[in-house]
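*Asks:* would you be able to build a 3D model of this:
(chains A, B, C and D)
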2 protein chains.
Amino acid sequence: MPKGGVTSGDVARLARVSQSAVSRTFSPGGSVSPEMRARVLAAAQQLGYRPNALARAMISGRSGLIALLVAYLDNHFYPQVLEMLSRALQNRGFQVLLFMTDRGRQDMVVQRMLQYQVEGIVMASATLSSSLARECAKTGTPVVLFNRTVPGLPVSSVTSDNAEGGRQVGRLLAQAGHKRIAFISGQEDSSTSRDREAGFARGLAECGAAVFARAVGGYTREGAAQAVHALFGGAVRPDAVFVANDHMAFAAMDLLRGQYGLRIPEDVSVVGYDDVPEAGWAAYDLTTVAQPGAEMVEATVAMLLEQVERGEVSRRAALLPSRLVLRGSARLPG
Amino acid sequence: MPKGGVTSGDVARLARVSQSAVSRTFSPGGSVSPEMRARVLAAAQQLGYRPNALARAMISGRSGLIALLVAYLDNHFYPQVLEMLSRALQNRGFQVLLFMTDRGRQDMVVQRMLQYQVEGIVMASATLSSSLARECAKTGTPVVLFNRTVPGLPVSSVTSDNAEGGRQVGRLLAQAGHKRIAFISGQEDSSTSRDREAGFARGLAECGAAVFARAVGGYTREGAAQAVHALFGGAVRPDAVFVANDHMAFAAMDLLRGQYGLRIPEDVSVVGYDDVPEAGWAAYDLTTVAQPGAEMVEATVAMLLEQVERGEVSRRAALLPSRLVLRGSARLPG
DNA sequence: CTTCGCGTTGACCACGTATGCAACCGCAGC
DNA sequence: GCTGCGGTTGCATACGTGGTCAACGCGAAG
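*Replies:* Now for the predicted structure:
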């Protein structure tokens, strides 16, 4: 029962070479003659040697670990992103250390990440306090906010153009002739929700329209349900709703059709945001704004790894274009 | 620019104590006098000291890392599991190292996990070759298969009672008076799909019925669509379908309603498996078999950590009860 | 006053690997 | 034949921490 402990020394002894030779054989760019390399590899193969990544990280100062912080996976945009991010980092030789925010203990989580000497941090659907950002900057650990911005922090961010996406939705609904256009927000303090709403209002204004009513959905199904009740429980109902993300839009559609007996889009148009896979499913067929998930992931990885390679944190922001996807849940202009 | 390098030695120098004292202060159970502990903590606070988890792992032989291997996150059962597993392990002081299977390079992935000295491995929706299983056993790394079994391997597994779940579905559909009951399988080589199908056939047989037709769905939406075409493209159509998981069932329902113009459950009953959140959404309202995700996660964590604590791998299997959830997508008996 | 014992502390080594440095070898140029 | 040089190799050290062991101080018991 060798408790997993075959070391470079063991390989060296079997191959009758020095431990340095083994190390050089497994480090790219090491100066090793072909015959020695062959002997070392043969011995390593025989013993089932595997370099200890932790020891390597200690001496080289490069752990190869990237921390990934996620708040929740209910919104299916994030599992998609998680999968793509993980694959991309894996292909570039990095490992993903996954953290789920435990509300309130967010600072603890970041401490744990730094204890593990992660080389970079990606925060998706999670906020970073300014004190934590400073702490990361002090240790030289680059941070990239995914799908979120926090002005004034020494961290980078990758987002899609939420304002422009919202604006296009506003123009679409106004030009389709809707008269009472409502908005269901996400979390009020999130930059995505604010930007989408601001763009939405601008798009409406450009067409001489304005927001008829608004309610807070908080990015949850329950919140969306309450928002729908608030907007549709009164005497005069909206004839169109822009919901801050698809996840809430599905809840809203279920409720509008099931409980309020409304037809979509005949009685009310519904537009979402994200273009998660379910938006394309026949049961919802949701008109929405597509976030360029793949491009956002690619930008995140590029931005993060560039800082890792250069060894210094910088503060950049990538803003990727979003795209309106017309489906059947909203009336079309003309 | 102190490149993140404040060590226990730095703290010791500032507090005018030995490095051992700092180590003892941060190791639970260390013999330290109150005043020394206070001085050390003050110095650590002042310098922003954070113990290096990698160095600690090297000397203690306990990395605190658990590898989590996932194949895909399209099926929303897995994001849920991922979130719960991650939270549970996090709360017990372990960190999750996430890996996505890159088809074909699965052995490489396991090698990487072992290089990082993970203390345990959870494989969800991913298979383990027998050679890899032996390699893990050799290093003393416990492995738990989640929602999958592979007989004959020296690894543990946690599943729900797929056979019993399938049996209940069989009885339900037979007793509801359906005459042409079809089945859409998942991946043919997966234990979940095989068990569900076997139980399903048994449940039907108990009521004097039998499977009318079957097709392979492969656990993907595309595969499910092809299966639906295969089953419903002919002259005589099934009047009930048991789909091996919810993810495919949604695709089937979309197609049956949209393309075949069938009403659910009046023209055809549809039953799924997993009880993912969308199954409860009004647009689908899917009768399905609930897998006890929370309990499965709890069992996985308990089983894995028990082996980690005891320091030896064992081969156990947990089989948790599943529960039929009656909703509106299938006719009821009587 | 001596001795014993307990609680605390520090010097030292180990974990497994990467790397600077010196030593070594062989070969070409003079 | 001697010198110099490029390519290899081994020795020793460092990374940051946990644990072992001996030393130390101090109070209590004899």
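
*Asks:* which parts of the stretch 51-200 of chain A are helices?
*Replies:* Secondary structure of the stretch 51-200 of chain A (DSSP state H, counting those that start in this stretch): helices at A:53-60, A:77-91, A:106-115, A:130-139, A:162-175, A:191-206.

*Asks:* any idea of the mean pLDDT in the helix or strand following the last one?
*Replies:* It refers to helix A:191-206. Using DSSP states H and E, the helix or strand that follows helix A:191-206 in sequence is strand A:213-216. The average pLDDT within strand A:213-216 is 98.

*Asks:* tabulate the CA atom coordinates of strand A:213-216 in PDB.
*Replies:* Output of strand A:213-216 as PDB, limited to C-alpha atoms (Å, rounded to 0.1, in the frame of the first residue of the first chain):
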ATOM      1  CA  ALA A 213     -44.800  50.200 -15.200                       C
ATOM      2  CA  ARG A 214     -42.000  48.300 -13.600                       C
ATOM      3  CA  ALA A 215     -41.500  45.700 -10.800                       C
ATOM      4  CA  VAL A 216     -38.600  44.000  -9.200                       C
END
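
*Asks:* mean neighbour count, the helices of the stretch 51-200 of chain A: which tops it?
*Replies:* helix A:162-175 (a mean of 24; mean count of other C-beta atoms under 10 Å in any protein chain shown). Every residue, glycine included, has its C-beta placed from N, CA and C.

*Asks:* run through who's touching that one.
*Replies:* With contact meaning C-beta atoms under 8 Å, 6 or more residues apart in numbering or on different chains, helix A:162-175 is reached by A:181, A:191-192, A:195-209, A:240, A:242, A:269, A:271, A:273, A:287, A:289, A:291, A:321-322, A:324, A:326, A:330, A:332-334.

*Asks:* which residues of chain A lie near DNA strand C?
*Replies:* Neighbours of DNA strand C within chain A, by C-beta under 7 Å from any atom of the strand: A:5, A:7-9, A:19-20, A:23-24, A:26-27, A:49, A:51-52, A:55-56, A:58-60.

*Asks:* just for the stretch 101-250 of chain A, where's the confidence low?
*Replies:* Scanning the stretch 101-250 of chain A for pLDDT under 70 picks out A:104.

*Asks:* again, only this time at 90
*Replies:* Counting by pLDDT under 90, the ranges of the stretch 101-250 of chain A that qualify are A:101-110, A:125-140, A:150-154.

*Asks:* chain B contacts on that one?
*Replies:* By C-beta under 8 Å from any C-beta of the partner chain, the residues of the stretch 101-250 of chain A that approach chain B are A:102, A:109, A:111-112, A:114-117, A:135, A:138-141, A:250.

*Asks:* care to break chain A down by domain?
*Replies:* A:8-51, A:65-160+A:293-322, A:162-291 (automatic domain parsing).

*Asks:* what about the first one, how long is it end to end?
*Replies:* Right, domain A:8-51. Using C-alpha to C-alpha, to the nearest Å, one end of domain A:8-51 lies 7 Å from the other.

*Asks:* do the same with the last one
*Replies:* End-to-end distance for domain A:162-291: 9 Å, by C-alpha to C-alpha.

*Asks:* do the same with the second one
*Replies:* Taking C-alpha to C-alpha as the measure, domain A:65-160+A:293-322 stretches 31 Å from start to finish.

*Asks:* relative to the whole chain's centre, how far out is that domain?
*Replies:* Distance, stretch centre to chain centre, for domain A:65-160+A:293-322: 8 Å (C-alpha atoms, centre = their mean, to the nearest Å).

*Asks:* and the residue nearest in space to the middle of chain A, how far from A:Leu98?
*Replies:* The centre of chain A sits closest to A:Ala124, judged by C-alpha atoms, centre = their mean, with a distance of 4.0 Å. To A:Leu98, A:Ala124 is 11 Å away according to C-beta to C-beta, to the nearest Å.

*Asks:* could you do A:Pro333 as well?
*Replies:* To A:Leu98, A:Pro333 is 44 Å away according to C-beta to C-beta.

*Asks:* try A:Glu83
*Replies:* Per C-beta to C-beta, A:Glu83 is found 12 Å from A:Leu98.

*Asks:* now do whatever residue of the stretch 201-334 of chain A ends up closest to DNA strand D: how many residues are near it, please.
*Replies:* Relative to DNA strand D, the nearest point of the stretch 201-334 of chain A is A:Gly311 (15.1 Å; C-beta to the nearest atom of the strand). Number of residues near A:Gly311 (other C-beta atoms under 10 Å in any protein chain shown) recorded here: 12.

*Asks:* which non-adjacent residue is nearest it?
*Replies:* Nearest residue to A:Gly311, sequence neighbours excluded (C-beta to C-beta, 6 or more residues apart in numbering or on different chains): A:Gly140, at 7.1 Å.

*Asks:* cool, and A:Asp74?
*Replies:* Counting by C-beta to C-beta, 6+ apart, the nearest residue to A:Asp74 once its immediate chain neighbours are dropped is A:His247, at 6.6 Å.

*Asks:* tell me what the longest helix belonging to chain A is packed against?
*Replies:* Ranked by residue count, the top helix of chain A under DSSP state H comes out as helix A:293-310. When contacts are defined as 3 or more C-beta pairs under 8 Å, 6 or more residues apart in numbering or on different chains; DSSP states H and E, helix A:293-310 sits against helix A:77-91, strand A:120-124, strand A:143-146, strand A:156-160, strand A:317-320.

*Asks:* now the angle from the fourth one to helix A:191-206?
*Replies:* The one in question is strand A:156-160. 40 degrees (axes from the mean of the first three to the mean of the last three C-alpha atoms, to 10 degrees).

*Asks:* what angle do strand A:156-160 and strand A:120-124 make?
*Replies:* 30 degrees.

*Asks:* and the contacts of strand A:156-160?
*Replies:* Contacts to strand A:156-160, defined as C-beta under 8 Å, 6+ apart, come from residues A:142-150, A:191-192, A:195, A:291-292, A:296, A:299-300, A:303-304, A:307, A:314-322.
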